[in-house]
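Asks: here's my sequence, what's the structure:
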Amino acid sequence: MIRRLHELDAELRVLALFVVLAGVGWWLRSTPLAIVGSLAAVTTLALYIWQRDCLSGVSYRRVVGRERATFGEEVTLGIEIVNDKLLPLSWLHVEDEIPAALEIHGGTVVSDDRTFVNQLVNVLPLLPYQRVRRQLTISCCHRGDYLFGPARVSSGDPIGFRMRTGRIADQHHLLVYPKVFALAPAGIASRMLIGDERTRTRLLEDPSRISGVREYRPGDPLRSIDWRATARSAGLLVRQFEPTVSQRVALFLDLRVPRRGVWSFDPPELEFTIAVAASIVAELARREVATGLFSSGTVAGRPVACPPSCSPAQLALMLESLARVTHFGSLEFSDLLAAESSRLRPGTSVVLVAADYPNETLEAVGDLRRRHAVSAVWVATDHGAPPPREHVDALLLAPYSDDWQRRESLELAA
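Replies: Numbers count the residues shown, from 1 in each chain. So this is what the prediction gives:
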């Protein structure tokens, strides 16, 4: 008998003692003792049932308004808590894991200095069959791939003697793209037609696409003469054809940002450098230039390598890579240039985005220029050096400032 009592929960052991006490009171015809024992037994039984079934029928649901968001966008975060049973809850405590890099408005957030995860806390009572909905706002002020959840719910008896905890494994992802500036580019060096730029040399012409006529020059083939136009003019006129050369640009991003002082997991200079690269690929895609992206960083342990393409999905692929890229496990930038330069098609223009151009990078750039035109974008911070002007075909400056997140446009100065 004593062994079986030890195997019961503490509340049941106390309940058994109160039942014995009430039985003794009724047996001795002691009304006060019997009433006290009975009330204590009923109370103990109620508390036991309360703490045992408090989380039964309780559900917590989180709804993130979007799976992808632009930098600075506000996304809704819906919370739904349901008590689907007859038993009321005097208190329910919910802790939902949320990314520390994002700002949550409209709720209580508790930060943990030891981790990069905060807790969204909800404490409330629930009536029988009550449903509570709350709507919060996520401020997407930092690029990255973020995970919401899991959540932990806790409740118990009204006096807090015993508590039960449950885990809700439901999780949601939110991908925040890097900031994209409206650029005022000074031009990208190229041996081909890029955007609105023009060249005096017609690299390759398509005879099926006539763009106009011009005066005959020595060396023009006779089959190009437009005899109908010549008959209406005083001299020979030849047809002009549109060029058919594909426009290709490969952007190389160096995630090494020189800094001094306190180490930071994601320094703002690095985030600005990624934003500059995102702005350039977005501008080239808008101009319908086949663009590729290569980086010394990694995404899920793999190097970033998006060959130049003019596919409609190419821009989204490059922005997703820039949103997820980290500098952990990254290659040396000079090794990346040496490895990828031989794989680029002839005539591909190369754009470098970096905050520092050390000697090993300049040596790789020198070898790269033998086959491709190279434009260097120097992200000017307090530390780091630009490449010498004679080492590249074009040098552009992207000055860093502390308020870059609030700026809408960026001028690349020559």
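Asks: low-confidence ranges, the stretch 251-400 of the chain, go.
Replies: 259-266, 329-330 (pLDDT under 70).
Asks: how about Gly366, what does it touch?
Replies: His391 (C-beta atoms under 8 Å, 6 or more residues apart in numbering). (Glycine included, C-beta is placed from N, CA and C.)
Asks: next up, identify which helix or strand it is on.
Replies: helix 359-368 (DSSP states H and E).
Asks: so which bits of that helix are buried?
Replies: Across helix 359-368, burial judged by 16 or more other C-beta atoms under 10 Å covers 361-362, 364-365, 368.
Asks: do stretch 337-350 as well
Replies: Neighbour counts over stretch 337-350 (16+ other C-beta under 10 Å) mark 337, 340-341, 344, 347-350 as buried.
Asks: now the strands for the stretch 201-350 of the chain?
Replies: 205-215, 237-243, 248-253, 290-299, 302-309, 349-354 (DSSP state E, counting those that start in this stretch).
Asks: show me what the third one is packed against.
Replies: The elements that strand 248-253 packs onto, with contact taken as 3 or more C-beta pairs under 8 Å, 6 or more residues apart in numbering; DSSP states H and E, are helix 268-286, strand 290-299, strand 302-309, helix 333-341, strand 349-354.
Asks: just give me the closest of the buried residues of helix 359-368 to Ala100.
Replies: Of all the buried residues of helix 359-368, the one with the least separation from Ala100 (C-beta to C-beta) is Thr361, at 33.4 Å.
Asks: pull the contacting residues for the nearest residue to the closest one once chain neighbours are set aside.
Replies: Leaving aside its sequence neighbours, Thr361 sits nearest to Ser334 (C-beta to C-beta, 6 or more residues apart in numbering; 5.1 Å). Counting by C-beta under 8 Å, 6+ apart, Ser334 makes contact with 360-361, 363-364.
Asks: I'd like the residues you listed as CSV, with distance to Ala305 appended.
Replies: Below are the contacts of Ser334 laid out as CSV (distance: C-beta to C-beta, whole Å):
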residue, distance to Ala305
Glu360, 20
Thr361, 18
Glu363, 22
Ala364, 16
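Asks: could you pull out the strands for the stretch 1-150 of the chain?
Replies: 58-64, 68-69, 74-83, 89-99, 103-105, 108-110, 117-126, 130-139, 144-148.
Asks: can you show me the CA trace of the third one as PDB?
Replies: Once non-C-alpha atoms are left out, strand 74-83 reads as follows in PDB (Å, rounded to 0.1, in the frame of the first residue of the first chain):
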ATOM      1  CA  GLU A  74       6.700  45.800 -43.100                       C
ATOM      2  CA  VAL A  75       5.200  42.400 -42.900                       C
ATOM      3  CA  THR A  76       2.200  41.300 -40.800                       C
ATOM      4  CA  LEU A  77       2.600  38.700 -38.100                       C
ATOM      5  CA  GLY A  78      -0.600  37.100 -37.000                       C
ATOM      6  CA  ILE A  79      -1.000  35.200 -33.700                       C
ATOM      7  CA  GLU A  80      -3.900  33.000 -32.800                       C
ATOM      8  CA  ILE A  81      -4.400  31.300 -29.400                       C
ATOM      9  CA  VAL A  82      -7.300  28.900 -28.800                       C
ATOM     10  CA  ASN A  83      -8.600  27.100 -25.700                       C
END
